[in-house]
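S.K.: Next one to model:
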Amino acid sequence: MRDKRGLPPKPVVGLGLLLLRGMSWFQNLLIPAPMRIADLTFGGWSFAEVVRTAAALGVADALACGPMTAQALAKEIGAEPERLYRLLRFATVHGVFSVASKSRLQQGPETTAFRNNALSACLREDHPNSQKHLILAVVGKQHLAAGWSELEWGVCTGGRIFERA
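M.R.: So this is what the prediction gives:
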């Protein structure tokens, strides 16, 4: 039920977007407003940075051949194992990357293996619907996201936020 590019038909996408809006409405109904606004504010920013960092480091590309422990992956991409492990745990909780194997008795960079899933695969350079370069262009202080930090100034002055950034 996908086209040659691997995308679902437009009606399915439309239904999915409708369901997303419904879930957001339901969350707004159930979660107390102070908690929901904090989740939307802090969750979006930190999650975007985690995904950008994973894309910039080439984590999904390195996992293309199969699962790797955070320690082996860190050596492959030139990262610090404990910090990479924490980044991958955060991403995994949010559905980007999956845990391939873990020991219930001992968890850490040496024992926990991660693998790509449908979301993280879109961060691969060779994926037909790769989002890697879009994410790298939009998220981060030195890119388009920097302009949004000037939004308050732009609203007050009428100035162009992306030029100021």
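S.K.: Rounded mean pLDDT for the helix or strand where Ala146 lies, please.
M.R.: Here Ala146, judged by DSSP states H and E, is contained in helix 145-148. Taken as a whole, helix 145-148 has a mean pLDDT of 71.
S.K.: Who are the packing partners of the next helix or strand after it?
M.R.: Remark: after helix 145-148, the chain's next helix or strand is helix 151-157, criterion DSSP H and E. Counting by 3 or more C-beta pairs under 8 Å, 6 or more residues apart in numbering; DSSP states H and E, the packing neighbours recorded for helix 151-157 are helix 161-164. (C-beta placed from N, C-alpha, C; glycine too.)
S.K.: Tell me the helices and strands packed up against the helix it packs on.
M.R.: Applying 3+ C-beta pairs under 8 Å, 6+ apart, one finds that helix 161-164 makes contact with helix 145-148, helix 151-157.
S.K.: Let's have these in CSV, adding mean neighbour count.
M.R.: Putting the helices and strands packed on helix 161-164 into CSV (neighbours: other C-beta atoms under 10 Å) gives the following:
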stretch, mean neighbour count
helix 145-148, 15
helix 151-157, 11
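S.K.: Throw these into TSV and include distance to Pro109, thanks.
M.R.: Formatted as TSV, these follow (distance: least, C-beta to C-beta, whole Å):
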stretch	distance to Pro109
helix 145-148	29
helix 151-157	38
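S.K.: Any buried residues in the host helix or strand of Ala48, and which?
M.R.: For Ala48, the element it lies in under DSSP H and E is helix 44-57. By neighbour count on 16 or more other C-beta atoms under 10 Å, the buried set for helix 44-57 is Phe47, Glu49, Val50, Val51, Arg52, Thr53, Ala54, Ala55, Leu57.
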